[in-house]
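Enquirer: need a 3D model of the following:
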Amino acid sequence: MKTFLTTTAMIALLTGPVLAQSEVDTTSPATAESASEAEAGMNDPDQALGLAGVRGSKLIGHKVYAREGGFSDEDAATLSARDDLTEAPDDWQELGDIDDLLITAEGHVDGVVIDVGGFFDLGDHDVRVAMEDLSLVRDSDSEDDFFVVYRADPAPLSESRKVDWDQVFSENGRTEEGLQEADIADYEASDIEGAPVYGPDEDKIGDVKDLVLDEEGGIKTVVVDVGGFLGIGAKPVALDIDQIRLMTSVEDQNDNTPRLYVDMTRDQLEELPEYQE
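Expert: A predicted model of the protein is given here:
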């Protein structure tokens, strides 16, 4: 289990190269407006990535493509708008697979961890990539599928971007006994998925099935499986992130396993409408 050392340290480690931008004369009203719109687009994760409604499980494990030397500004600007791809073009190469998401203190997905698996002669290791360096390109064969593309040059993704988990993550401070409230932003998405959900009487009432992201890349909704037996016949229901408290047990100093608590009983959860993807 890994938890963030500090939010500041995490964000600093996620900071990576962004696409080069041509200088523009902002003294002209027209060019100033265009520059402002371009800057807004670069800083808007929804516009850059189309993340609205994308579930965490759809990103984790997804293959990431890159191109030797990266994409030009012009090519990068049109990537997300392409709707003619059924397979990766010949000049795209597999960079690796998304192992996990990195989440800021505000709950925004600020970056991903990619297992580069020896591609581009980078060696087999995890690298961190900022969301602003990725584009989602629609797969025209499937309404629900997409290609994840790393727009920058993959060559620098070597030791300088290698994830040092011992540096990035450390254990949270703990109290001597009982439970300690933790920040859901301190956990990776894969740590939260499958976590147990408890009601006000400490009864286990469900398990986290999935996470849904909002337009800014933050966790908007937690999908909980309630009822059933061993996952069979369970009913998925959606809970707003504000309805959930994340706690960790302090009885075992080496246990950071997240436990999610809601102020609802199993019966109340089962009365909620079934979550539809």
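
Enquirer: for the protein, which segments count as helices?
Expert: Under the criterion DSSP state H, the chain contains helices at 7-14, 29-43, 45-49, 56-59, 73-79, 165-168, 189-192, 266-270.

Enquirer: lowest average confidence across the ones you listed, which one?
Expert: Within these, the stretch with the lowest mean pLDDT is helix 7-14, showing a mean of 33.

Enquirer: what about the stretch 51-200 of the chain, any weak spots by pLDDT?
Expert: Residue ranges of the stretch 51-200 of the chain with pLDDT under 70: 51-57, 104-108, 117-124, 158-178, 185.

Enquirer: what sits against residue 201?
Expert: Under the criterion of Cβ atoms under 8 Å, 6 or more residues apart in numbering, the contact list for residue 201 reads residue 265. The way it works is simple: take the backbone N, C-alpha and C, and place the C-beta from them, glycine included.

Enquirer: residue 182 versus that one, what's the distance?
Expert: Here the criterion is Cβ to Cβ, to the nearest Å. By it, residue 201 lies 21 Å from residue 182.

Enquirer: count of residues packed around the residue lying closest to residue 71 once chain neighbours are set aside?
Expert: If you skip the residues right next to it in sequence, residue 71 has residue 151 as its closest partner in space, 4.8 Å away by Cβ to Cβ, 6 or more residues apart in numbering. Each residue near residue 151 was counted by other Cβ atoms under 10 Å, and the total is 24.

Enquirer: quick one: residue 151 from residue 58, how far?
Expert: 19 Å.

Enquirer: and the residue lying closest to residue 70 once chain neighbours are set aside, how many residues sit next to it?
Expert: For residue 70, the nearest residue in space outside its immediate sequence neighbours is residue 153; the separation is 3.7 Å by Cβ to Cβ, 6+ apart. Burial of residue 153 is recorded as 15 neighbouring residues (other Cβ under 10 Å).

Enquirer: next one: residue 182
Expert: Residue 182 has 18 neighbouring residues, counting by other Cβ under 10 Å.

Enquirer: so how far is residue 247 from it?
Expert: From residue 182 to residue 247 the distance is 6 Å (Cβ to Cβ).

Enquirer: which residues do those two both contact?
Expert: Shared contacts of residue 182 and residue 247 (Cβ under 8 Å, 6+ apart): residue 258.

Enquirer: and the closest residue to residue 102 other than its chain neighbours, how many residues sit next to it?
Expert: For residue 102, the nearest residue in space outside its immediate sequence neighbours is residue 111; the separation is 4.4 Å by Cβ to Cβ, 6+ apart. Using other Cβ under 10 Å, residue 111 is surrounded by 25 other residues.

Enquirer: quickly list what residue 111 is bridged to.
Expert: For residue 111, the beta-bridge assignment (DSSP bridges) gives partners residue 102, residue 130.

Enquirer: thought it was touching residue 129?
Expert: Yes - in this structure residue 111 lies within contact range of residue 129 using Cβ atoms under 8 Å: 5.9 Å.

Enquirer: and the strands in this structure, which stretches?
Expert: Along the chain, counting by DSSP state E, strands occupy 63-66, 93-103, 109-115, 126-130, 134-138, 146-150, 179-182, 196-198, 204-213, 219-226, 235-240, 245-249, 258-261.

Enquirer: output those strands as CSV; include the columns distance to residue 271.
Expert: As requested, those are arranged in CSV below (distance: least, Cβ to Cβ, whole Å):
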stretch, distance to residue 271
strand 63-66, 40
strand 93-103, 30
strand 109-115, 31
strand 126-130, 41
strand 134-138, 36
strand 146-150, 35
strand 179-182, 27
strand 196-198, 16
strand 204-213, 12
strand 219-226, 10
strand 235-240, 9
strand 245-249, 21
strand 258-261, 19
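
Enquirer: residue 83: which of the ones you listed is closest?
Expert: Each of the strands of the chain has some distance to residue 83 by Cβ to Cβ; the shortest is strand 134-138, at 5.2 Å.

Enquirer: sounds good, over and out.
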